[in-house]
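In: Got a sequence here, can you build the structure:
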Amino acid sequence: MDASNEHHSASEQGAAFDVIVIGGGASGMVAAIRAARLGRRALIVEKSPSLGRKLLASGGQRCNLSNTLDTDQFMERVGRDGRFMGPALDGLGGPKLREFFHGIGVQTVVLDGFRVWPETRKSSTVLAGLLGELKRLEVPIEVNCEVTGTQFEDGMFHVQHAGGTFRSEELVIATGGLALPKSGASGGGYGFAESFGHKITARHPAGVPVVTAEDWTGRLTAHTIGKAHLQVAMPKHSKVARTGDLIFTKRGLRGPVVLDISRDLSPLIERYGEVPMHLNLCRGKTQEDWQSIFKAWRTGPQRAALECMEEHLPKEVAEVLFELCGADVSGTIQGLKGEAKDALIRTLVKTPITITGHTGYDGAFVTRGGARLKDVRPETLESKHQPGLYLCGEVLDLDGPCGGFNLQWAFASGYLAGTGRAISAPS
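Out: Now for the predicted structure:
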């Protein structure tokens, strides 16, 4: 369904609305659906030609909607300010989100015990369900309509655009962040929030591949390393660490573990220019583990050192590690002694690599930073500066790791923001 062909023009009606939602992404669509279900006249204003463009791209176009963690576990995994999500998750978290989608004809599945997907594994199914519900509720949608300014005057919000002004009693800013600009993201909502007195924290790309000073990653692009451990090698920031699947690229690193840790790396890269890290590519094996392994090898038959290492690492990866520590890749495992063996073990446990950058917002899935949380009431997502103004989704300074966290937050926060002053009304 194409929203650009299905909407009817609100500007032609010249009507005032109960709620205007700026932004037609995941959080904006759910906000409008929630408001309309409560009997409120809602309008979506979207600057792109159609709704849900970033939603279509999410999860490799498969759309990881949520996960199976309970609310406390979910917030703990988010980490920084995760408790802020509590009221929104109470309203549309986990099982309630799945019920919401089942109610609009989108069946969901859990295939790995953790991630929640649409049964079709297609994001287009999710978007079609949301658009179908907006149509059923007769929510007017203005696409190709860029908001140029927002203000509150005479008891109403005024949303200005090239064709005039929309007016409403309540306003929801659901414009998203800066990530994935090809989907229409531009960060315009930060300016709208600022116009009502909100402070915007520093923003950085998150969920983004990183670039390294070393070029040996380009030799290993055929390999994915499971349960790789990444840790920042700086005393003040050594708690920045993650474990997960790692993929090498021509310019650096990507994969789920990199997308997760990039939330913390991006600010460090901006601050320091480059960030030294240690990789453990052998499922967390320690120096003691390797000492025991080498002891067993030495008492066994003569074998090539590289052949032995292939029991734990792909051959090409092992060759790179031998080179990094200066060990003889062509010798036997029994011939690897003393400092050469110790250097190899140190490299196996903590492979050094230097992060010099990332691929920017073009390659990012989410924005870290945004409207300051302390200026928003978590129980309603209403602004503390302007009554009747609500902020949700990526426009807020709140993001999570990979695994359905960010889409779940988008949906749940949109639902809470769309509730508005009707928070005590039945769903």
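
In: how about the helix or strand harbouring Glu170: buried residues?
Out: Glu170 is located in strand 164-173, with elements delineated by DSSP states H and E. The neighbour-count check on strand 164-173 (16 or more other CB atoms under 10 Å) flags 166-173 as buried. For glycine as for every other residue, the C-beta is placed from the backbone atoms N, C-alpha and C.

In: ok, which pair from those is furthest apart?
Out: When those are compared pair by pair using CB to CB, the two farthest from each other are Arg167 and Ile173, 16.0 Å apart.

In: Where does the prediction get shaky in the stretch 151-300 of the chain?
Out: Under the criterion pLDDT under 70, no range of the stretch 151-300 of the chain is flagged.

In: Go ahead and flag the most central residue of the protein.
Out: Geometric centre of the chain, nearest residue: Val366, 4.3 Å, by CA atoms, centre = their mean.

In: and it, what is it in contact with?
Out: With contact set as CB atoms under 8 Å, 6 or more residues apart in numbering, Val366 has these partners: 177, 179, 206-207, 394, 399-400, 406.

In: who's it bridged to?
Out: Note on Val366: beta-bridge partners Ala206, judged by DSSP bridges.

In: which of the buried residues of strand 164-173 lies closest to Ala304?
Out: The shortest approach to Ala304 among these belongs to Ile173, at 62.2 Å (CB to CB).

In: where's that closest one relative to Ile22, distance?
Out: In this structure, Ile173 and Ile22 are 6 Å apart, going by CB to CB, to the nearest Å.

In: Mutual contacts of these two, please.
Out: With CB under 8 Å, 6+ apart applied, the overlap between the contact sets of Ile173 and Ile22 consists of 189, 192.

In: residue boundaries of the strands in the stretch 251-400 of the chain?
Out: When secondary structure is read from DSSP state E, counting those that start in this stretch, the stretch 251-400 of the chain shows strands at 252-254, 275-280, 351-358, 366-368, 389-391.

In: Distance to Ser292 for those strands - can I get that in TSV?
Out: Listed next are those as TSV, based on distance: least, CB to CB, whole Å:
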stretch	distance to Ser292
strand 252-254	29
strand 275-280	16
strand 351-358	20
strand 366-368	41
strand 389-391	54
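
In: Gly94: which of those is closest?
Out: Taking CB to CB as the measure, the strands of the stretch 251-400 of the chain were each checked against Gly94, and strand 366-368 came out nearest at 19.8 Å.

In: what distance separates the closest one from the middle of the whole chain?
Out: 6 Å (CA atoms, centre = their mean, to the nearest Å).

In: got it, and stretch 108-127?
Out: Stretch 108-127 has its average C-alpha position 17 Å from the chain's average C-alpha position, going by CA atoms, centre = their mean.

In: can you tell me the average pLDDT over it?
Out: Taken as a whole, stretch 108-127 has an average pLDDT of 97.

In: relative orientation of the longest helix belonging to the chain and strand 275-280 in degrees?
Out: Selection of the longest helix in the chain by residue count, based on DSSP state H, yields helix 256-272. Helix 256-272 and strand 275-280 are oriented at 160 degrees to each other (axes from the mean of the first three to the mean of the last three CA atoms, to 10 degrees).

In: For helix 256-272, C-alpha coordinates in CSV please.
Out: Taking only C-alpha atoms (Å, rounded to 0.1, in the frame of the first residue of the first chain), the coordinates of helix 256-272 have been written out as CSV:
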residue,chain,number,x,y,z
PRO,A,256,26.2,-7.5,15.5
VAL,A,257,28.9,-7.1,18.1
VAL,A,258,30.3,-4.1,16.3
LEU,A,259,26.9,-2.5,15.8
ASP,A,260,26.3,-2.9,19.5
ILE,A,261,29.6,-1.5,20.7
SER,A,262,29.5,1.4,18.2
ARG,A,263,27.0,3.1,20.5
ASP,A,264,29.9,3.7,22.9
LEU,A,265,32.7,3.9,20.3
SER,A,266,31.3,6.8,18.3
PRO,A,267,31.6,9.4,21.1
LEU,A,268,35.1,8.1,21.9
ILE,A,269,36.2,8.4,18.3
GLU,A,270,35.0,12.0,18.2
ARG,A,271,36.7,12.8,21.5
TYR,A,272,40.1,11.0,20.9
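
In: how about it: buried residues?
Out: By neighbour count with 16+ other CB under 10 Å, helix 256-272 contains the buried residues 256-269.

In: okay, now the domains of this structure?
Out: According to automatic domain parsing, the chain is divided into the following domains: 3-204+367-422, 209-359.

In: End to end on the shortest one, go ahead and measure it.
Out: Start and end residues of domain 209-359 are separated by 6 Å (CA to CA, to the nearest Å).

In: now that domain: how far from the chain's centre is it?
Out: A distance of 26 Å separates the C-alpha centroid of domain 209-359 from that of its chain, computed with CA atoms, centre = their mean.

In: what's the answer for the longest one, then?
Out: Domain 3-204+367-422 has its average C-alpha position 14 Å from the chain's average C-alpha position, going by CA atoms, centre = their mean.
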